[in-house]
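Chemist: Coordinates for the following, if possible.
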Amino acid sequence: MVSLRKSSRGIFDSRYEPITLNVVSKQSMYDWIVIGAGITGACLAYELSQQGLKVLLIEKDPIPDNATVYSYGGLAYWSGTDRLTRTLGEEGIELHRHLSQELDADTEFRDVDLILTIDRQDEPKAIAQNYDRFATTPELLSVNDACILEPLLNPNAISGALKLPHGHINPQKTTEAYIQAFKRNNGLIIYEQVVDLLRQGEDVVGVKTHDNTHRADNTVICGGGLSRSLLQQANIEVENYYTHAQLIITPPVDFELGTVVMPAVQQRFMLEAKGKELETNDWNPPYDLAIKAILDPGAVQFIDGRICMGQISAIAPNPKAKLNPFAAEAQIREQVSNVLPLLEDIPGTCHSCLVAFNNKAIALVGNLASTKGIYLFSGFTSTLVFAPVLARRFSQWVLGKEDKIIEELQLAIND
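Modeler: I've put the predicted structure just below:
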């Protein structure tokens, strides 16, 4: 079994030098350590274990409290805009259609309509043109047709809507299914806080936690929004950022939201696109106040009847910043109820989490070129669609299988 590392020529290209992984050294307990057991870490640990590798999965929280837990669960497989994202979208939805059977656990996958609401002040045809570049062209609905498809919509708040085929899963159940399958492959998960990377010279040879040291031939960081902090602590700079997301989750309700509802003009992507502008001093904590914040009002209902609605995305460079949940809840309820009036007063709790993003590629996947033994698997767009597919591709790539998509992302991470 072989992995790939930076060549002696000092750049990443198709001419890689292999490194042997089939024998774990006397000092190394594992072939791979995966840091973070959200959806990205769980699917990657599983796929690495599927290749017969000895894998340790480390998670700081015995009870999950991360972006996976508070995810909408949507699968925007229709949103590819180029060869790479269209290929991964097709592979992603196909993977999810068979994932419950593969993992022997219900991920609650379902096909569902996505309704993208168009503000009453906007011109529907002009908004629809913005979606011409996607793999699937949406159907433009009149106000009346949109309200027939989703009766909970407020007809006075919209000038129309876009309809798209969408997928949906329960992210927490999917993650747990991955973890259980990983454990059946003799993978080990432990709950400890990683505080630093273990070095041998310039190489990373494992991790340090508050109580222990764990050695491995390779370490991959899947810590989502916390990935940046851990790498900075190890003096490794990477353009991986995060937003503070705030949203409301309700108990099961006795009415049905028949579609996933989101705005057709989503400000979160525009906010993330400006993330690079906040580099330098603005990204050095502590700053507890949000520098920039937006709200995209939307809602989704899970199979058990719970509703998730929101969300606010705020840039506050301190990952431990405490944003006001009461103000966030009031703001979310006001804007969501404008589109879906029935949701204004239903009980619910406001939660927050970090959501990783980057401005370089659809994900930061690959070896961090200046340091042997350390990899990153973070900063995804369309995480639930792309991460499982890229985890499968990555696990085969590190064993020597050629994969032009992983190599393309590898180039981007070190550009």
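Chemist: Can you tell me, leaving aside adjacent residues, what's nearest to residue 97?
Modeler: residue 109 (6.6 Å; Cβ to Cβ, 6 or more residues apart in numbering). Any C-beta I mention is one placed from the backbone N, CA and C, and that applies to glycine too.
Chemist: I'd say the one you found and residue 167 touch.
Modeler: Yes. With the criterion set as Cβ atoms under 8 Å, residue 109 and residue 167 qualify as a contacting pair; they are 6.7 Å apart.
Chemist: quick one: which helix or strand includes residue 108?
Modeler: Remark: residue 108 resides in no helix or strand, with elements defined by DSSP states H and E.
Chemist: Give me the pLDDT for it.
Modeler: According to the predicted model, the pLDDT of residue 108 comes to 98.
Chemist: Spit out the contact partners of it.
Modeler: Under the criterion of Cβ atoms under 8 Å, 6 or more residues apart in numbering, the neighbours of residue 108 are 168-170, 173-174, 302-303.
Chemist: Then residue 190?
Modeler: Going by Cβ under 8 Å, 6+ apart, the list of residues near residue 190 reads 56-59.
Chemist: Residue 180 now?
Modeler: By Cβ under 8 Å, 6+ apart, the contact list for residue 180 reads 103, 105.
Chemist: Report the secondary structure state of it.
Modeler: Applying DSSP: H, G, I helix; E, B strand; the rest coil to residue 180 yields a three-state assignment of helix.
Chemist: distance of it from residue 216?
Modeler: Counting by Cβ to Cβ, to the nearest Å, the separation of residue 180 from residue 216 is 22 Å.
Chemist: Give me the ChimeraX select line for the contacts of residue 108, limited to the buried ones.
Modeler: In ChimeraX, a selection of the buried entries from these looks like this (16 or more other Cβ atoms under 10 Å):
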select :168,169,170,173,174,302
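Chemist: can I get the contacts of residue 108 in a markdown table with secondary structure and distance to residue 340?
Modeler: Formatted as a markdown table, the entries for the contacts of residue 108 read as follows, by DSSP: H, G, I helix; E, B strand; the rest coil; distance: Cβ to Cβ, whole Å:
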| residue | secondary structure | distance to residue 340 |
| --- | --- | --- |
| 168 | strand | 17 |
| 169 | coil | 22 |
| 170 | coil | 21 |
| 173 | helix | 25 |
| 174 | helix | 26 |
| 302 | coil | 16 |
| 303 | coil | 19 |
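Chemist: Pick the one among the contacts of residue 108 closest to residue 322.
Modeler: Each of these was scored against residue 322 by Cβ to Cβ, and residue 302 proved nearest at 27.5 Å.
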